[in-house]
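A.B. asks: Show me the folded form of this:
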Amino acid sequence: MKLYLKFDIYSISNKIIEDTFLELGLKYKILDLGEIELLQKVTPQQFKDLNQALNKYGIEVVENPKVVLVQKIKDAIKELIFNEDSSLNIKSSVYLSEKLSHSYGYLSKIFTDETHSCVEQYTIIQKTEYAKHHILNTELNLSEIAFKLNYSSLAHLSSQFKSVTGLTPTAFQRIILKRKNDA
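C.D. replies: This next block holds a predicted model:
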């Protein structure tokens, strides 16, 4: 028996944070996704316990400001692409600059220096994941998916999708349909 789950990653992460900090008796305030302000002094042992508790969920405390900024860039890109309520009619470079209060050139340089990849490629990968999600889980056609992702055409989505997956969205869709029919 298969179960299909729909979930909100932001709600899940906030619940993990809430439960972990409550269990450790630490007072905190969530400032933004992945950003928490401790409202009390924390002993080295409490900090170690916090790290261990969060690591169980694949969450790590990051202390390098550049790594923190890269994570904020990644989170902002995902927020822009995966948030169904927001309009995607904004360039990602403008969105990142406004959201993170830095020039896009600076953000792009930090991202490249830390990840050895570029913001544009990361964005294309996330858009491909979004497209795959909708191909698998919704009734949207490929043109509607391209529109939601702010592509100028279905051909543009197709070429970027193929550059990431090795398949066109149509080929991916056919494979998925065949697997569903064979199951």
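A.B. asks: switch to C-alpha atoms for all contacts and neighbour counts from now on
C.D. replies: Will do.
A.B. asks: which SS class is the spatially most central residue of the chain?
C.D. replies: For the chain, Lys78 is the residue whose C-alpha lies nearest the centre (CA atoms, centre = their mean; 3.4 Å). Three-state assignment for Lys78 (DSSP: H, G, I helix; E, B strand; the rest coil): helix.
A.B. asks: dump the residue contacts of it.
C.D. replies: Contacts for Lys78 (CA atoms under 8 Å, 6 or more residues apart in numbering) come out as Gln126.
A.B. asks: how much space between it and Gln46?
C.D. replies: 31 Å (CA to CA, to the nearest Å).
A.B. asks: Now do the domain split for the chain, please.
C.D. replies: Under the assignment automatic domain parsing, the domains of the chain span 8-61, 122-182.
A.B. asks: Of the ones you listed, flag the one that's most buried.
C.D. replies: Comparing those by mean neighbour count (mean count of other CA atoms under 10 Å), domain 122-182 ranks first with a mean of 15.
A.B. asks: how far away is the closest residue to Ser153 other than its chain neighbours from Met1?
C.D. replies: Closest residue to Ser153 apart from its sequence neighbours, by CA to CA, 6 or more residues apart in numbering: Ala146 at 6.7 Å. Distance check for Ala146 against Met1: by CA to CA, it reads 33 Å.
A.B. asks: No more questions from me, cheers.
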